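Visitor: Sequence first, predicted coordinates after that:
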Amino acid sequence: MMASMENMGISAEWLADFEAASRRPLALRMRYAFVRTYKPVLDDASFRAFDSTADYRDWCERNLPAWLGYGRV
């Protein structure tokens with residue numbers, strides 16, 4: 001199995017890390033499964049409401065950094 005994983009481009013080190021993680025209890029795996037990332041402006045208010053999707057999109061374009069990906073394409 002290890003040879004077939006290497007043929008797929010999966011290193012032995014990466015596979016060992018994955019197998020070690022799979023042996024951890026579910027609660028611990030869930031704790032480390034999500035990475036909290038601060039999002040400027042979005043995380044600065046606990047609640048926002050908009051009358052329409054168009055209002056929401058306009059607000060995003062005016063207030064959010066482009067790198068967050070909330071702009072129109």
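Guide: Perfect, thanks for sending it. Note that the coordinates shown come from a computational prediction; the quantities given were computed from them, not determined experimentally. Residues are numbered from 1 along each chain as shown.
Visitor: What separation is there between Arg57 and Val35?
Guide: According to C-beta to C-beta, to the nearest Å, Arg57 and Val35 sit 26 Å apart. Where you see a C-beta, it was placed from the backbone N, CA and C, and this is true even at glycine.
Visitor: neighbour count winner among the two?
Guide: Just comparing Arg57 and Val35: by other C-beta atoms under 10 Å the higher neighbour count belongs to Arg57, 14 against 5.
Visitor: Look up which helix or strand that one falls in, please.
Guide: Arg57 belongs to helix 53-63 when assigned by DSSP states H and E.
Visitor: Output that helix as CSV, nothing but the C-alphas.
Guide: Extracted C-alpha coordinates of helix 53-63, given in CSV (Å, rounded to 0.1, in the frame of the first residue of the first chain):
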residue,chain,number,x,y,z
THR,A,53,-29.3,40.6,-1.7
ALA,A,54,-28.4,43.6,-3.9
ASP,A,55,-27.9,45.7,-0.7
TYR,A,56,-25.7,43.0,0.8
ARG,A,57,-23.6,42.8,-2.4
ASP,A,58,-23.2,46.6,-2.6
TRP,A,59,-22.1,46.7,1.1
CYS,A,60,-19.6,44.0,0.5
GLU,A,61,-18.0,45.8,-2.5
ARG,A,62,-17.8,49.1,-0.6
ASN,A,63,-16.5,47.7,2.8
